[in-house]
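[1] need the 3D shape of this:
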Amino acid sequence: MKVTAIIPSLNPDERLPEIVKRLVSVGFERIILVNDGSIPERMHFFDEAVSVGEGACVLLNHNVNLGKGRALKTAFNWFLGNQGKDIGVVTLDADGQHQAEDVLKCAETLEKQPDALIVGARNFNQDGIPARSVIGNKLTAGVFRFVCGIRISDTQTGLRGISAEFAEILMNVSGERFEFETNMLLETKKREINIVEVPIATVYINENKSSHFNPIRDSFSIYMLIVKYLSSSLLSWAVDFGFFALLQYLFSWLAPEQKLLIATVGARVISSLFNYAVNKKVVFHNKGSVPKTMAKYYTVAVIQAALSYGGVYLLTEVAGIYSLISKLVVDIILFFISFKVQQAWVFKNSKKR
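    The predicted structure follows:
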């Protein structure tokens, strides 16, 4: 076994020693337990876990609760300084939802594919799964697929195999609580790291009432990407409108058609440059060359304008739909298409390792 197991825990119960015992029985020789600020009444479960670990366990302590993300980083930091010949770690939860045999499968998969992130994927289509877990996971998985281009069936699983190299990278990834696990998935996209899903048993104890995870709050990172893109578009519209009014005023002495042309073109050039800069730096964090990305950006902009005109024309003249409604429908559709094209082509970052 060349993989170390990591178990972060807050206020564990009798399941923690049993988990450690089973991990040892299937071959794990090194286990890192992280006490994330548990109450004194629960500390004896850590002592019992270390005792049944037969010398395999090390216990790391947070004096106060700092969150699952920080607990994992604490474990990663200890592992990186004491890994020996181990190639990576496998993380699991302390609530008994991950069977030792499944943890072993993920560890063995990591040994075979150390360049990938290994995730234990549960089946959410079977009966008996809490509704909030089904809805939360499927909603987040859908948003992940659209917003981030990441296809993963179980976004919330805590059973993950992580190489030593990736663990070192994750030490600098933001997130102190459950959002860290979401940011971990986003980091695989940035660095073009494959995600390999390993089917595991779907176990929910007491309908998962002991979980501290909130699927909306703790997946906020992925929703923020589309929010930033929308904000960029709205701000660009405001810049376009403001400069249109300003240029109309500054060139009021010209003929109406000349004034309109200058105001329209000038405002659109300024607002598009603003939108390009915000999308490049703030939304997609692109570090590519300006000439290349700008050429792609304006190619998309021209095509989008043509599609907008054509779509509105068809809906208005052929389908007989009111022009403002047609404009709204077409531009909403093009908004999402443009987002995906800019993400996947215009502002796609090169591989970072």
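
[2] element containing Phe180?
    helix 179-190 (DSSP states H and E).

[3] what's the burial count for the nearest residue to Asn194 once chain neighbours are set aside?
    Nearest non-adjacent residue to Asn194, counting by Cβ to Cβ, 6 or more residues apart in numbering: Ala116, 4.3 Å away. C-beta: built from backbone N, CA, C; applies to glycine. Other residues near Ala116 number 18, with proximity taken as other Cβ atoms under 10 Å.

[4] Gly81 too?
    For Gly81, using other Cβ under 10 Å, the count is 7.

[5] quick check, it in a helix?
    Yes: checked against DSSP: H, G, I helix; E, B strand; the rest coil, Gly81 lies within a helix.

[6] per-residue pLDDT, it?
    Note on Gly81: pLDDT of 96.

[7] and Ala56, by the same measure?
    93.

[8] Ile226 now?
    68.

[9] my guess is Leu59 contacts Leu33. True?
    Yes: judged on Cβ atoms under 8 Å, Leu59 makes contact with Leu33 at a distance of 4.8 Å.

[10] comparing the two, which residue is more hemmed in?
    More crowded of Leu59 and Leu33, by other Cβ under 10 Å: Leu33, with 26 against 15.

[11] if I pick that one, what's in contact with it?
    7, 9, 16, 20, 46, 49-50, 57-60 (Cβ atoms under 8 Å, 6 or more residues apart in numbering).

[12] which of those sits closest to Thr91?
    Ile7 (7.7 Å; Cβ to Cβ).

[13] quick check: bridge partners of the closest one?
    Leu33 (DSSP bridges).

[14] any idea how many residues pack against it?
    Other residues close to Ile7 by other Cβ under 10 Å number 26.

[15] how close does it get to Asp93?
    Using Cβ to Cβ, to the nearest Å, we find Ile7 at a distance of 8 Å from Asp93.

[16] which stretches of the protein form strands?
    Taking DSSP state E to define them, one finds strands in the chain at 3-9, 31-36, 57-62, 88-91, 117-121, 160-163, 195-199.

[17] okay, those in JSON lines with distance to Phe180 next?
    Supplementary listing: these in JSON lines, determined by distance: least, Cβ to Cβ, whole Å:
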{"stretch": "strand 3-9", "distance to Phe180": "11"}
{"stretch": "strand 31-36", "distance to Phe180": "12"}
{"stretch": "strand 57-62", "distance to Phe180": "14"}
{"stretch": "strand 88-91", "distance to Phe180": "11"}
{"stretch": "strand 117-121", "distance to Phe180": "14"}
{"stretch": "strand 160-163", "distance to Phe180": "11"}
{"stretch": "strand 195-199", "distance to Phe180": "16"}
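
[18] could you point out where the stretch 251-353 of the chain is predicted with low confidence?
    Applying pLDDT under 70 to the stretch 251-353 of the chain flags residues 350-353.

[19] in it, what residue spans correspond to helices?
    Remark: helices assigned in the stretch 251-353 of the chain by DSSP state H, counting those that start in this stretch are 256-278, 290-313, 323-341.

[20] do the same with the stretch 1-150 of the chain
    15-25, 43-52, 68-82, 100-112, 131-143.

[21] what's the spacing between the longest one and its chain's center?
    Read it as helix 68-82. 20 Å (Cα atoms, centre = their mean, to the nearest Å).

[22] tell me where the model's unsure across the stretch 1-150 of the chain.
    Looking at the stretch 1-150 of the chain by pLDDT under 70, you get 125-136.

[23] closest one to Ala100 among the strands of the chain?
    Nearest of the strands of the chain (Cβ to Cβ): strand 3-9, 9.4 Å.

[24] against which helices or strands is the closest one packed?
    Using 3 or more Cβ pairs under 8 Å, 6 or more residues apart in numbering; DSSP states H and E as the contact test, the elements touching strand 3-9 are helix 15-25, strand 31-36, helix 68-82, strand 88-91, helix 100-112.

[25] could you redo the last one with a cut-off of 6 Å?
    strand 31-36, helix 68-82, strand 88-91 (3 or more Cβ pairs under 6 Å, 6 or more residues apart in numbering; DSSP states H and E).

[26] export the contacts of Leu33 to a markdown table and tack on distance to Ile87?
    Shown next, in a markdown table, are these (distance: Cβ to Cβ, whole Å):
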| residue | distance to Ile87 |
| --- | --- |
| Ile7 | 19 |
| Ser9 | 24 |
| Leu16 | 26 |
| Val20 | 21 |
| Phe46 | 27 |
| Ala49 | 24 |
| Val50 | 24 |
| Cys57 | 20 |
| Val58 | 18 |
| Leu59 | 23 |
| Leu60 | 21 |
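
[27] which among the residues you listed count as buried?
    7, 9, 16, 20, 46, 49-50, 57-58, 60 (16 or more other Cβ atoms under 10 Å).

[28] make a markdown table from the residues you listed and add distance to Glu197 to it.
    Conversion of the buried ones among the contacts of Leu33 to a markdown table gives the following (distance: Cβ to Cβ, whole Å):
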| residue | distance to Glu197 |
| --- | --- |
| Ile7 | 21 |
| Ser9 | 25 |
| Leu16 | 26 |
| Val20 | 26 |
| Phe46 | 31 |
| Ala49 | 28 |
| Val50 | 32 |
| Cys57 | 28 |
| Val58 | 29 |
| Leu60 | 29 |
